[in-house]
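K.L.:
Requesting a structural model of the entry that follows:
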Amino acid sequence: MNRLYSNFFNVLIAIFIAFGLGGCVTTRLPVATSSPWEQVDLNSQANPLDISFIDSNHGFLVGTNRLILETKDGGDTWEARSLELSSEENFRLISVDFSGDEGWLAGQPGLVMHTSDAGQNWTRIGLGEKLPGEPYLIKTLNQDSAELATTAGAVYRTTNSGKTWEGKVNEASGGIRDMRRAENGNYVSVSSLGNFFATLDLGQDTWQPHQRASSKRVQTMGYQPNGDLWMLSRGAEIRFNEQGGDVDIWSKPIVPILNGYNYLDLAWDQKGSVWAAGGNGTLLVSNDGGNSWEVDPVGDQQPSNLLRVLFDPISSEGQVKGFVLGERGTLLRWIG
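P.N.:
Numbers count the residues shown, from 1 in each chain. The predicted model follows:
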């Protein structure tokens with residue numbers, strides 16, 4: 001009988017510890033009392049992948065399964081648009097960018113389109129059969145001008161609406177899992193295996209490889225508002241460049257919360273707060289440069305992996321639009 005009570009008592013202790021530890025791991029961060037985000041219904045199960053605005057009201061969203069939506073009320077509501085593409089082709093629209101009425105979008109496989117009338121009409125651009133990799137990122141530079149980067153690390157520029165393209169690098173960097181472009185024209189890419197990253201500064205014609213900050217594989221990288229880099233690694237680690245201008249010196253890892261999901265993106269809002277998004281509705285905010293973090297209550301309610309956090313500046317109006325993009329049609333809109 002004593003042994004029976006002892007075994008029962010041990011089981012209760014084990015259950016108590018399991019629940020206690022589970023709570024410590026997943027809820028040790030405080031939940032913010034309010035949220036600057038609101039959920040927007042896209043009426044789609046496709047994954048939104050990018051957003052760009054023409055002015056404070058008019059913008060476009062693109063994503064998987066040929067998803068292209070248009071808003072004319074600042075992102076509060078979205079309506080489906082169609083592109084003149086063969087119904088047999090199922091494109092993944094991965095990048096869209098506007099500068100005024102001039103806009104470009106890139107998709108996979110092998111799709112680039114251009115508009116000069118704020119998206120009323122789109123023209124498909126022929127890329128030929130020798131493009132290294134697939135289109136991954138496109139940037140509108142000026143009237144009739146754009147810069148296109150591919151999944152092989154090739155970078156091209158056109159100044160005549162896509163009639164011809166000039167290569168900007170001598171040799172592609174190889175397969176990538178992520179690539180970001182800074183406003184000044186610098187690039188950073190993460191290798192397909194996440195075992196190293198590479199930089200391409202403005203004026204360079206060769207990618208410069210760099211070792212990752214630790215043994216953890218790199219998930220994604222990008223640029224801080226001051227131009228320095230940030231890095232997200234497996235194990236939910238966040239790192240920042242420790243010395244300005246030196247991409248090989250990194251801070252100690254910041255691990256705000258361990259819930260079994262990696263962070264997938266990092267971004268700064270116009271107030272200087274840092275936002276980290278990740279798997280299973282993980283959306284955290286730091287108001288002190290990453291020293292302390294809170295759970296966003298609206299993000300925490302999303303049954304979806306949150307893929308990107310975007311703050312899109314509208315240069316003509318000096319405004320910033322903010323969105324969180326997640327799987328299966330998840331979209332959060334910044335309301336401040």
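K.L.:
partner residues bridging residue 211?
P.N.:
In this entry, residue 211 is beta-bridged to residue 196, by DSSP bridges.
K.L.:
got a pLDDT number for it?
P.N.:
Here the pLDDT value assigned to residue 211 is 96.
K.L.:
I figured it was touching residue 196, is that so?
P.N.:
Yes: Residue 211 is in contact with residue 196 according to Cβ atoms under 8 Å; the separation is 6.1 Å. Glycine gets a C-beta too; all of them are placed from N, C-alpha and C.
K.L.:
For those two, indicate the residue with more neighbours.
P.N.:
For residue 211 and residue 196, the more surrounded residue by other Cβ atoms under 10 Å is residue 196, and the numbers stand at 16 against 9.
K.L.:
Quick one: residues contacting the more buried one.
P.N.:
209, 210, 211, 212, 218 (Cβ atoms under 8 Å, 6 or more residues apart in numbering).
K.L.:
Columns distance to residue 100 on top of these, output as a markdown table?
P.N.:
Shown next, in a markdown table, are the contacts of residue 196 (distance: Cβ to Cβ, whole Å):
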| residue | distance to residue 100 |
| --- | --- |
| 209 | 37 |
| 210 | 36 |
| 211 | 41 |
| 212 | 39 |
| 218 | 35 |
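K.L.:
who wins for neighbours among those?
P.N.:
Of the contacts of residue 196, with other Cβ under 10 Å as the count, residue 218 tops at 23 neighbours.
K.L.:
For residue 136, see how far away it is.
P.N.:
Remark: distance between residue 218 and residue 136 (Cβ to Cβ, to the nearest Å) = 17 Å.
K.L.:
Same check on residue 48?
P.N.:
Applying Cβ to Cβ to residue 48 and residue 136 gives a distance of 16 Å.
K.L.:
higher neighbour count, the two?
P.N.:
More crowded of residue 48 and residue 136, by other Cβ under 10 Å: residue 48, with 28 against 21.
K.L.:
That one against residue 60, yeah?
P.N.:
No: counting by Cβ under 8 Å, residue 60 is not a contact partner of residue 48; they are 10.8 Å apart.
K.L.:
shared neighbours of the two, which are they?
P.N.:
residue 69.
K.L.:
And the contacts of residue 196, which is closest to residue 266?
P.N.:
For the contacts of residue 196, the minimum distance to residue 266 (Cβ to Cβ) is 12.5 Å, reached by residue 218.
K.L.:
Look at the residue nearest to that closest one when sequence neighbours are not counted and say how many residues are nearby.
P.N.:
Spatial nearest neighbour of residue 218, chain neighbours left out: residue 194 (4.4 Å); criterion: Cβ to Cβ, 6 or more residues apart in numbering. Neighbour count of residue 194, defined by other Cβ under 10 Å: 17.
K.L.:
next one: residue 81
P.N.:
By other Cβ under 10 Å, neighbour count at residue 81 equals 15.
K.L.:
Tell me who's in contact with it.
P.N.:
So residue 81 contacts 60, 68, 69, 70, 119 (Cβ under 8 Å, 6+ apart).
K.L.:
what's the burial count for the fourth one?
P.N.:
Translated: residue 70. For residue 70, the count of nearby residues is 17 (other Cβ under 10 Å).
K.L.:
now the first one
P.N.:
Summarising burial for residue 60: neighbours were counted as other Cβ under 10 Å, giving 24.
K.L.:
was I right about it contacting residue 98?
P.N.:
Yes: between residue 60 and residue 98 there is a contact at 7.3 Å, judged by Cβ under 8 Å.
K.L.:
list the residues that contact both of the two?
P.N.:
In contact with both residue 60 and residue 98: 52, 54, 119, using Cβ under 8 Å, 6+ apart.
K.L.:
that older thread, report the two of the contacts of residue 81 separated the most.
P.N.:
Maximum distance among the contacts of residue 81 (Cβ to Cβ): 10.9 Å, for 69 and 119.
K.L.:
Please enumerate the shared neighbours of the two.
P.N.:
Shared contacts of residue 69 and residue 119, counting by Cβ under 8 Å, 6+ apart, come down to 60, 81.
K.L.:
returning to what we had before: nearest to residue 179, of the contacts of residue 196?
P.N.:
residue 218 (12.3 Å).
K.L.:
For the closest one, give me its contacts.
P.N.:
Counted by Cβ under 8 Å, 6+ apart, residue 218 has contacts 190, 191, 194, 195, 196, 197, 212, 231, 232, 233, 234.
K.L.:
so what's the fourth one up against?
P.N.:
If you count contacts by Cβ under 8 Å, 6+ apart, residue 195 has them with 212, 217, 218.
K.L.:
run the last query once more with 7 Å
P.N.:
Each residue near residue 195 by Cβ atoms under 7 Å, 6 or more residues apart in numbering is listed here: 212, 217.
K.L.:
do the last one as well
P.N.:
When contacts are counted by Cβ under 7 Å, 6+ apart, residue 234 is found next to 216, 217, 219, 262.
K.L.:
Excluding chain neighbours, give the residue nearest to the second one in space.
P.N.:
The one in question is residue 217. In space, residue 217 is closest to residue 194, 3.5 Å off (Cβ to Cβ, 6+ apart).
K.L.:
mind listing what that neighbour touches?
P.N.:
Applying Cβ under 7 Å, 6+ apart, the residues contacting residue 194 are 177, 217, 218, 219.
K.L.:
can you count the residues close to the closest residue to residue 174 other than its chain neighbours?
P.N.:
The shortest distance from residue 174 to any non-neighbouring residue, by Cβ to Cβ, 6+ apart, is to residue 153 (6.2 Å). Summarising burial for residue 153: neighbours were counted as other Cβ under 10 Å, giving 23.
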